[in-house]
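> Fold the stuff below for me.
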Amino acid sequence: MTTIAFLGAGMMGSAMIRNYLKAGHQVRVYNRTLDKARPLTEFGATLADTPAQAAAGADLIVSSLTNDVASRACWTGPQGVLSATLKPGAYAVEASTVSIDWVRDLAAQASAKGLRFLDCPVAGRPDAAEAAKLKIFAGGAAEDVDALRPVFMAIGTEVQHLGPVGSGITFKLIYNVMGAVQVAATAEGMAACEAAGIDLRVAAHCFSTGNTNSGHVIRHSRYMAENRHEDPVQFSGNMRIKDVAYGVELIEACGEQSRLGRATIEVFAQMDAHGMGDMNDSELIDTLRLIAGRPIPPKT
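Below you'll find the predicted structure:
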């Protein structure tokens, strides 16, 4: 049994916490809005008023937060993790999709406090998190990854060690850029089929069973064809913009181009410009319909 401090109780974080509890670990949870984390106490979690309170004496500290700002506040803020009395040699894991610059900064600060730091972002949507079917992309010392592998298997099916600290988030950002490009291409392709008079259910079937298929294409083309989108929102257009922006910054810092990444940001930015940025990424097709002057069909 491991004592885990977990920062962030959104849909992803809450699902991960429940699975850690099911595996027999003790979990202390901090969430900026405490009431949103309160249901987790029914599964055995303990709530903490501050990140420092959650982290004090924990074996493992994990964060699953929205962006750099939220992560920075939880780790290095006035009542952040690094202000706590920490267990010597405890593990610190940043599982959020944040920027590479922040991961490197956090790694240095955590290591200076005697923590063993890893960046371990996860791949999978909230349904995968609920089913403990996440993929973990780990960056850090091999011995640290191996030590935490049994713990990670409580939330996922696969732990891939990508290399030293920073490698996990580096791969995850590139991975997310590729995924977002596919979602944007699916919305544009489905919108073009509709404009050309092609039945969207047939189009979705053909895209999903031909060489164009991928998990993103299969999922999103089906939602678009059926005018059915996830409720509550699982992954918004604005979250796509955030992830891709971090990814483009990283890719270009490596000396490579990311023209498709930049174009994808522009495509999703149209959602935000039409007041739809907090809606599902699959609802990008509705923004494209509005821009083309076509009506948005009723949701099913």
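> neighbours of F152, just the number please.
23 (other CB atoms under 10 Å). Just so you know, the C-beta spots here come from the backbone N, C-alpha and C atoms, and that holds for glycine as well.
> quick one: contacts for it?
Going by CB atoms under 8 Å, 6 or more residues apart in numbering, F152 touches C120, I136, A138, V159.
> To which secondary structure element type does the third one belong?
Here A138 is recorded as strand under DSSP: H, G, I helix; E, B strand; the rest coil.
> isn't it right next to L162, touching?
Yes - checked against CB atoms under 8 Å, the pair A138 and L162 is within contact range at 6.4 Å.
> where does the protein have low pLDDT?
1 (pLDDT under 70).
> Which strand runs longest in it?
strand 156-163 (DSSP state E).
> How about S167: what's its closest non-neighbour residue?
Spatially, and ignoring its direct neighbours in sequence, S167 is nearest to G139 (3.7 Å; CB to CB, 6 or more residues apart in numbering).
> if we can go back for a sec, save the contacts of F152 as a markdown table, and put in distance to M271 too.
Below are those laid out as a markdown table (distance: CB to CB, whole Å):
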| residue | distance to M271 |
| --- | --- |
| C120 | 29 |
| I136 | 29 |
| A138 | 32 |
| V159 | 34 |
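> Including neighbour count and distance to L288, could the residues you listed go into CSV?
Converted to CSV, these look like this (neighbours: other CB atoms under 10 Å; distance: CB to CB, whole Å):
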residue, neighbour count, distance to L288
C120, 27, 35
I136, 26, 34
A138, 28, 37
V159, 21, 38
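> ok, so of the residues you listed, who is nearest F171?
Nearest to F171 out of the contacts of F152 is A138 (CB to CB; 9.5 Å).
> is that closest one in a bridge, and if so with what?
A138 has these beta-bridge partners by DSSP bridges: H161.
> This completes my enquiry, with thanks.
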